Each structure stands twice: as structure tokens, then as C-alpha cells.
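In: Fold the stuff below for me.
(4 chains)
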Number of protein chains: 2
Amino acid sequence: MSEQSGSPQRLRVVVADDQATVREPLATVLGLSEDIDVVAAAADGSEVLAAAAAGPVDVVLMDLRMPVLDGIEATRRLGEEHPEVAVVVLTTFADDDSVLGALGAGARGYLTKNAGRRDIVRAIRAAAAGQSVLDHEVQDRLLATVRTQAPGPAQPLPGDLTPREREVLTLIGQGLPNRSIAEQLFISEATVKTHINNLFAKAGIRDRAEAVRRAIETGLA
Amino acid sequence: MSEQSGSPQRLRVVVADDQATVREPLATVLGLSEDIDVVAAAADGSEVLAAAAAGPVDVVLMDLRMPVLDGIEATRRLGEEHPEVAVVVLTTFADDDSVLGALGAGARGYLTKNAGRRDIVRAIRAAAAGQSVLDHEVQDRLLATVRTQAPGPAQPLPGDLTPREREVLTLIGQGLPNRSIAEQLFISEATVKTHINNLFAKAGIRDRAEAVRRAIETGLA
DNA sequence: CCCCGGTTCCACCCGTGGGTCCAGGCGCTT
DNA sequence: AAGCGCCTGGACCCACGGGTGGAACCGGGG
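Out: Numbering: from 1, shown residues only, chains lettered A, B, ... in the order given. Next comes the predicted model:
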């Protein structure tokens, strides 16, 4: 994106893992790649931040389970203090909390530990180039999360809802009773009920409960 | 994951784009990589399916906007008929519908057309290895979708809810009125109201509407 | 043994919600 | 000017929801 790929400078990489039996061989084997320079090895998140502060770093290969400062929090702070540093997560766990937490904190890659050396190197290069590489299992999980929560426009909510009706529906979705809705819109409660009856008829909504569901699903609330 | 990476066979790639001015140079330049074999060039989705049926294909580099059969639908059918084929999307557009549609259809990569040759080659290799490469803009969009819809355990729901109360809350979250809940649990409506009053007090819920929200947020419904 | 928590139910009250019908004002196009 | 759609309101009705108090049964633990 912004790299001149003609002469690929060696990538400065930090390896972070609390277990020396993982960290040291990993650092060694990565250094074998001619375009990768392992400039530091960190045993916890704070050591990662120290390494980033000490010298220029392109990519951090980050474990999540670390003492003192875990990988997610370290990723988050790295994004604040050194936004130019790309983070690739390498961990044994791929549960929803870990995946969403790490990616939400700004990680640009997520590999599980059954990834091979070639996979890891590829992810590092991709991260440095502004791409992100995900383990396919991680991608599936991410997509599953998206889809279970957004089953597409299930009931796309008829487009002929008037702006006012949409506004009322939004407030219903936030759990407000009619009186509060009336106050917030500076109209009478009777008018609110009128809008509600109209939009219920249009959208085929029976219940206030169903209205809440639809408002949430369609992103109104 | 299931590849022997020791002797990397040449990857059989299909390039699909309706514009010949994009498709042809792309095919040519990809063929320059020593581990990539462009075995077919397709101008629409049906040609992709035909190529996959004709001979073994490892990766399809797919545009989304194509006549006859668009890229998303082609990806979906490819997943049904030839699940071993990995799809990498390469398109100018990165709107939510396209991204979620393509990835939901089974795409294992998503690049925008400002990606360079190295980026594309890397994505193809990653896809063949079971990883997925996303443009960082695409990843951001995907994450934004996840996070707006999953604000985490906002109000974790007190753990001292009895099983029966949790059961009732679940049904409330599905939008059922008390009578239906009573029928479904083989108890009287009075009992349902008792459970509701108890669990409302415990969880600090005022409304049925709020109950619906909490049930959805906590994954009960 | 008796008490306690969960579950089941009753009766009563009243506020809100959901539905219907109607009507005036306002801005738009025909 | 007439018509239409939207927003605004009022009136009325009845069902459902939410809250209270009381009661009975059952199981397990002090």
C-alpha cells in the first residue's frame, strides 16, 4: 500500500511469549528468513512496549496469555503509543473472547499454534504490508459471530416507514415507554400511539417485544 | 494445515474478472510467479464454475461485479460443488454488503484493487494454505460490524436467577406474551407473573422491553 | 424437627399498551 | 383548488402487563 516493494527492507520483528521454550526457538527460526530481523524477545506485554519504545519495530508476534500485561492489553496500548507497529497474534486459543478481544484491540493477524513456519512468516509480511492474515478457523468464528447477530436483513423492515415512525421505533427499541418517547420527541402520548399503530401495521409487528427485537436486528437501537 | 509445505506444488489459479483490460494483465503478471499457474481466465461466474469442473483448481481470484453470475453467488456455489477450491475476492468495492456477502459465501480472502502484485500473490498462497488474508480496511469494517452488534456483556445478568426464572426470561426474549409462556411451560399464567416479578427484581429490569434486550444481549434468546 | 428456598397458584388493583375512529394543520404535487 | 401523505392530536375500549399479598407444596439442611 505504502511500501516500495522493489527493495524489501528487513522486517524488524518482536517475538512475545511467556514460555521460553516457545519464544526462543520461534525467534531463532524466524531469523532464518532473510527478510526478517528478530530485534527483541519479550516475556510479557510490558517488555513488548519497552521494545517498541527502544527502537523501530515493524511487527510484533504476540501471545495472548502472558503475565503482568496480557497480549490483548499490550496490543491496545501499542495501538495508542506506536500505531505504526503491526501486531500478529499467535496463540493456542481461538475462543470468541480472545479473537474478538485481540482483533478489537487492533491486531492485524490471528494465528493458532498449529500454524507452520511458512504461515507465520507470511502473516508477518502481510501485516507489515497492511494486510491481515487470519487462521481460517478464526475467520469462521468471526463470521459466525457476525451472522448469528446479524442474520442479514431477516425482515428488512419495509422502506415505507416514515422518518417519524422510524424515530419512534428506535426509541421503542431502547426500551422507553410511550410517555418517555412523547417527552423526548416533544409530542403527545396520543401521537406516539398513532405512530406506533401505523408502523406496527406496516412492518407486521404485533408486540412491543417484537418491535424491540426488530429495532435491534436492523441496527436502529 | 493439510499441505505438505516441503515441496510446494505450483498453485493452479483461476482469474475471474469481466473486464479484459483487468483480467488479462492480471493473469499474465501472476503467471510470472514461479509457484503460480494461471489455468483459466473467466469473464463471469459461470465460467469460473466451468473451469473448476474441468480441472483441478486451487484458488480462484474473483471479482464481485460480473454479468450472468456475480462473484458472491459464484463463491457460494463453488463452496457447494468444489469445497476444496479457495476463493480470494479482488474488487474495488469494500462496502458492508459486499464484504459480509462474500465472506459469508465462503471467500477466504478479500482484497481491494489498490493491492499490489505482491499482496495478491501473498493472499493466493495464504488461501491455498488455509489462511485468509483481508485488506486491513475490510478487516476494520468486519470488526466494526461485530462490535456494534456485540457490545459485550453489558449487564452480565445476576447469577442468582433460578433455572425457572432464566427459562421464563428466555421466552420473554422471544417475544412471547405471558399466556404463551404459561402454555409452553405447562404452568398457569399467575406463576409466570410471579417468576417475572422475581427475576425483574433480581436483575433490576423494569420493563418487558428491557427484558427482551437483556435476553438478546446475554444470548438467552 | 422446623425452617428456608424454589415452585406452584390464587385474588385484586391499576397503569400501560394495543386497537379503533375521527379530525385538524401543513406541505407537497396534480 | 383539490387531493394526498405525514404529523399532530383526542376519545374510547379492553386486554395485558406489572405489583402486592397471601397460600400451599416439596425438597434439603441446620
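
In: how about the helix or strand containing A:Ala190, does it reach chain B?
Out: Using DSSP states H and E, A:Ala190 sits within helix A:189-203. No. Judged by C-beta under 8 Å from any C-beta of the partner chain, helix A:189-203 stays clear of chain B, getting no closer than 12.4 Å. Just so you know, the C-beta spots here come from the backbone N, C-alpha and C atoms, and that holds for glycine as well.

In: helices and strands around that helix, which ones?
Out: Packed against helix A:189-203 by the contact rule (3 or more C-beta pairs under 8 Å, 6 or more residues apart in numbering or on different chains; DSSP states H and E) you find helix A:163-173, helix A:178-185, helix A:208-217.

In: Give me the buried positions along the second one.
Out: So the one you mean is helix A:178-185. For helix A:178-185, burial by neighbour count (16 or more other C-beta atoms under 10 Å in any protein chain shown) applies to A:Asn178, A:Ile181, A:Ala182.

In: Redo the residues you listed as TSV? Include pLDDT and distance to A:Asp58.
Out: Formatted as TSV, the buried residues of helix A:178-185 follow (pLDDT from 0 to 100; distance: C-beta to C-beta, whole Å):
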residue	pLDDT	distance to A:Asp58
A:Asn178	92	57
A:Ile181	92	52
A:Ala182	93	57
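
In: Check what pLDDT A:Gln155 gets.
Out: Among the per-residue scores, A:Gln155 shows a pLDDT of 57.

In: I meant to write A:Thr170 there.
Out: On the pLDDT scale, A:Thr170 is placed at 91.

In: Excluding chain neighbours, give the residue nearest to it in space.
Out: Leaving aside its sequence neighbours, A:Thr170 sits nearest to A:Leu220 (C-beta to C-beta, 6 or more residues apart in numbering or on different chains; 4.5 Å).

In: Over to A:Gln184?
Out: A:Leu171 (6.4 Å).

In: any chance of the buried residues of helix A:178-185 in JSON lines, with distance to DNA strand C too?
Out: Output for the buried residues of helix A:178-185, formatted as JSON lines (distance: C-beta to the nearest atom of the strand, whole Å):
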{"residue": "A:Asn178", "distance to DNA strand C": "3"}
{"residue": "A:Ile181", "distance to DNA strand C": "8"}
{"residue": "A:Ala182", "distance to DNA strand C": "9"}
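
In: what does chain A have sitting close to DNA strand D?
Out: A:160, A:162-165, A:185-188, A:190-191, A:193-195 (C-beta under 7 Å from any atom of the strand).

In: Redo those residues as a markdown table? Include distance to DNA strand C and pLDDT.
Out: Shown next, in a markdown table, are the residues of chain A next to DNA strand D (distance: C-beta to the nearest atom of the strand, whole Å; pLDDT from 0 to 100):
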| residue | distance to DNA strand C | pLDDT |
| --- | --- | --- |
| A:Asp160 | 16 | 73 |
| A:Thr162 | 12 | 88 |
| A:Pro163 | 14 | 88 |
| A:Arg164 | 11 | 91 |
| A:Glu165 | 13 | 92 |
| A:Leu185 | 14 | 90 |
| A:Phe186 | 15 | 90 |
| A:Ile187 | 11 | 93 |
| A:Ser188 | 11 | 93 |
| A:Ala190 | 7 | 93 |
| A:Thr191 | 9 | 95 |
| A:Lys193 | 5 | 94 |
| A:Thr194 | 6 | 94 |
| A:His195 | 10 | 94 |
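
In: Weed out the non-buried ones from these.
Out: For the residues of chain A next to DNA strand D, buried by 16+ other C-beta under 10 Å: A:Arg164, A:Glu165, A:His195.

In: how far is the helix or strand bottoming out on mean pLDDT in chain A from where the chain is centred?
Out: The least trusted helix or strand in chain A, going by mean pLDDT, DSSP states H and E, turns out to be helix A:136-149, with a mean of 73. Its chain's C-alpha centre and that of helix A:136-149 lie 11 Å apart, by C-alpha atoms, centre = their mean, to the nearest Å.

In: hang on, the earlier thing: ok, the residues of chain A next to DNA strand D vs B:Ile216, which is closest?
Out: Closest approach between the residues of chain A next to DNA strand D and B:Ile216, by C-beta to C-beta: A:Glu165, at 22.1 Å.
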